[in-house]
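Student: Compute the structure for the input listed below.
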Amino acid sequence: MRSLLRAWVALPFSLPVGFNAEEAHNIVKDCVDGVLGGEDYNHNNINQWTASIVEQSLTHLVKLGKAYKYIVTCAVVQKSAYGFHTASSCFWDTTADGTCTVRWENRTMNCVVNVFAIAIVL
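Tutor: Numbering: from 1, shown residues only. Model (predicted):
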């Protein structure tokens, strides 16, 4: 038992007590603002923008040092009269796992980023 406890204490991350959606939302919003802020929609830049948003968001979430596996998705679409609708559903432990959605827009485009956090159970 003592060796198990010692190994547990030495983990490089904290054990989950519930996903902090507000913290994740702030991280992702800062990433989106940094990538898309001041930009107008340009189809040629979408792949670069979405890759940057998900990679930066994932990097910052992992740096929190929490015991989660993360999935980050991003969609950027040109604003139109037709709108933009998205949905997701999860089957998981609602006491430890979680999700947050960041909606961002400017005059030319909409962006939706989803973060799914799945607790690592040891």
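Student: Tell me which stretches of the chain form helices.
Tutor: 2-9, 21-36, 46-63 (DSSP state H).
Student: Relative to residue 108, which of the ones you listed is closest?
Tutor: For residue 108, the closest of these is helix 21-36, at 9.9 Å, according to CB to CB. Yep, even glycine has a C-beta here, placed from its N, CA and C like the rest.
Student: quick one, the closest one and helix 46-63 angle?
Tutor: Interaxial angle of helix 21-36 relative to helix 46-63 (axes from the mean of the first three to the mean of the last three CA atoms, to 10 degrees): 140 degrees.
Student: Pull out the buried residues from helix 21-36.
Tutor: Buried residues in helix 21-36, counted by 16 or more other CB atoms under 10 Å: 24, 27-29, 31-32, 35-36.
Student: Check what contacts it and list those residues.
Tutor: Contacts of helix 21-36 with the rest of the structure, by CB atoms under 8 Å, 6 or more residues apart in numbering, involve 49, 52-53, 56-57, 60-61, 64, 72, 76, 98-100, 102, 104, 106, 109, 111, 113, 115, 117.
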